[in-house]
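Engineer: quick one: sequence plus predicted model below, questions after.
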Amino acid sequence: MVGGKKVMTRDELRACLRRNDELKVRVQDLDDQATAINAQRPEIEQGLEAIRAERATLEARAVRIREFQPKMVAYGQKVEAFNRRMGELGAKSRLTTSEGRELEDMRKQIPELEAERKALNEERERLLDGYEDSIKAFAAKAKAAEERAAEWNRRKSQHAQDNEDLTASSSDWRRDCADRPYREDDEKAIRAGR
């Protein structure tokens, strides 16, 4: 007994020294893990920021596509009204002079309608060109980025749990070993492999 505390046996000291060495290794491992986890954080954040930027670009494109749709609807209604009136005039066996002029004017409008149709189709093609592929590619990138972020969060949480476990193990070691006296000769013998 030293200072009211029982001196550790060589086996008890051996166990305490082994536990202390294991704690040191765990501390180093957790420090290395923290360094790796923290080093990946900017990459994860940049990936998520790139996804947000790409999403905004795709959403802006979707807005332009939605804004274009009423143009096509209006053109379709215009052509429908035009065809209906042409049909009405063409069905008559005799046209009045004003109806004849109207029919002539309508025939002159056909190239304009055709040019408008062509322009609308070109605009639609420009808007939709590669859009579906862009959406699919974005979905794949977003999923991959979210999975990387989720894996990073999982590793970060596991690291925090491992730190808590280490703190508990360190506390146990202090309780069991830190304040207990031992013979220095026993420590030298243990370190020498005996």
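Structural biologist: Arrived safely.

Engineer: can you show me the helices along the protein?
Structural biologist: With helices called from DSSP state H, the chain shows them at 10-91, 97-128, 131-173, 184-191.

Engineer: using CSV, please lay out the ones you listed together with mean pLDDT.
Structural biologist: Converted to CSV, the helices of the chain look like this (pLDDT from 0 to 100):
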stretch, mean pLDDT
helix 10-91, 94
helix 97-128, 94
helix 131-173, 95
helix 184-191, 86
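
Engineer: I'd like the ones you listed as CSV, with mean neighbour count appended.
Structural biologist: Any C-beta I mention is one placed from the backbone N, CA and C, and that applies to glycine too. Compiled in CSV, the helices of the chain are given as follows (neighbours: other CB atoms under 10 Å):
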stretch, mean neighbour count
helix 10-91, 13
helix 97-128, 12
helix 131-173, 13
helix 184-191, 13
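
Engineer: check Gly3 and give its pLDDT.
Structural biologist: Looking at Gly3, its pLDDT reads 60.

Engineer: with the one 3 residues further on instead?
Structural biologist: We have a pLDDT of 84 for Lys6.

Engineer: that one - how many residues pack around it?
Structural biologist: Residues lying near Lys6 (other CB atoms under 10 Å) number 10.

Engineer: now Met8
Structural biologist: 20.

Engineer: find the nearest non-adjacent residue to it, please.
Structural biologist: Tyr182 (4.3 Å; CB to CB, 6 or more residues apart in numbering).

Engineer: wait, doesn't the one you found sit right on Arg14?
Structural biologist: No - in this structure Tyr182 lies outside contact range of Arg14 using CB atoms under 8 Å: 10.1 Å.

Engineer: distance of the residue lying closest to Asp162 once chain neighbours are set aside from Ala142?
Structural biologist: Closest residue to Asp162 apart from its sequence neighbours, by CB to CB, 6+ apart: Leu30 at 5.9 Å. Computed as CB to CB, to the nearest Å, the Leu30 to Ala142 distance reads 32 Å.

Engineer: I appreciate the help and will end here.
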